[in-house]
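> below is the structure, and that's it, no one-letter string:
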């Protein structure tokens, strides 16, 4: 039981320290409500009317260091072409393909072979083990669909 108490006490102490430091950081930039004179006998004048504490007015926001999303993401011509060509056989295979901006495959026997992601089957079900194999004449924008089909990976 003793071994569980020490980490709890340490965590509580750390949380208290954070709370204290956060409170200090949130203090008014004008300083404390009272002031100490620089020399003995000097007086400090204070206003007889109470001051109202208000939140600082919002300032202009700095530009974000992250780029903002554009309305239409850029799509490479090759990625769009491969998606369009592989879709020619997707309906016959009973699948709806999910567009990928980075399709990758390999060339074998003069053909370009790739596995294209399946969004779902045309009847609406999904299967994480199913893959769509797509074959194109080559890996260029001028390629044409050769064949495709669904395979189960398990």
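Great, that's in hand. Owing to the predicted nature of the structure, the values given are computational and were not obtained by experimental measurement. Numbering: from 1, shown residues only.
> just read off the phi/psi values of residue 90.
Note on residue 90: backbone dihedrals following degrees, to the nearest 10 are phi -70, psi -40.
> give the contact list for it.
96-97, 132, 148 (Cβ atoms under 8 Å, 6 or more residues apart in numbering). The way it works is simple: take the backbone N, C-alpha and C, and place the C-beta from them, glycine included.
> go again with 10 Å.
Counting by Cβ atoms under 10 Å, 6 or more residues apart in numbering, residue 90 makes contact with 83, 96-97, 116, 118-119, 122, 132, 134, 145, 148-150.
> also residue 149?
Counted by Cβ under 10 Å, 6+ apart, residue 149 has contacts 89-90, 92-95, 131-135.
> 8 Å - rerun?
Residue 149 neighbours (Cβ under 8 Å, 6+ apart): 89, 93, 132-133.
> if we can go back for a sec, so which of the contacts of residue 90 sit within helices?
Under the assignment DSSP state H, the contacts of residue 90 contribute residue 83 to helices.
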